[in-house]
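# here is the input, now give the coordinates:
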Amino acid sequence: MQGQKDSDLTQKGIDGAIALGRSLNNVDFNYI
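Alright, predicted model coming up:
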């Protein structure tokens, strides 16, 4: 059960990192 929870947290972290990366990309494009 703990392992599954860790896996879910990792997936959320990855999704968050991707969302953050897209946000940064959008900001960069706006400045171009």
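# the helix or strand encompassing Ser23: how far from the chain's middle?
Per DSSP states H and E: Ser23 is located in helix 2-31. In this view, helix 2-31 has its centroid 0 Å away from the chain centroid, taken as Cα atoms, centre = their mean, to the nearest Å.
# what packs against it?
Packed against helix 2-31 by the contact rule (3 or more Cβ pairs under 8 Å, 6 or more residues apart in numbering; DSSP states H and E) you find no helix or strand. C-beta: built from backbone N, CA, C; applies to glycine.
# how about that helix, which residues are buried there?
Buried residues in helix 2-31, counted by 16 or more other Cβ atoms under 10 Å: none are found.
# so for that helix, mean pLDDT?
Helix 2-31 carries an average pLDDT of 82.
# gap between Gly16 and Lys5?
In this view, Gly16 and Lys5 are 16 Å apart by Cβ to Cβ, to the nearest Å.
# same deal with Asn25?
31 Å.
# repeat that for Gly13.
Using Cβ to Cβ, one gets 13 Å for the distance from Gly13 to Lys5.
# repeat that for Arg22.
Computed as Cβ to Cβ, the Arg22 to Lys5 distance reads 26 Å.
# equivalent analysis for Asp15, please.
Counting by Cβ to Cβ, the gap from Asp15 to Lys5 is 16 Å.
# what of Gln11?
Distance, Gln11 to Lys5, by Cβ to Cβ: 11 Å.
# what of Ala17?
Per Cβ to Cβ, Ala17 is found 19 Å from Lys5.
# cool, Ile18 as well?
Distance from Ile18 to Lys5, by Cβ to Cβ: 21 Å.
# ok, Lys12 next?
11 Å.
# shared neighbours of these two, which are they?
With contacts defined as Cβ atoms under 8 Å, 6 or more residues apart in numbering, no residue is shared by Lys12 and Lys5.
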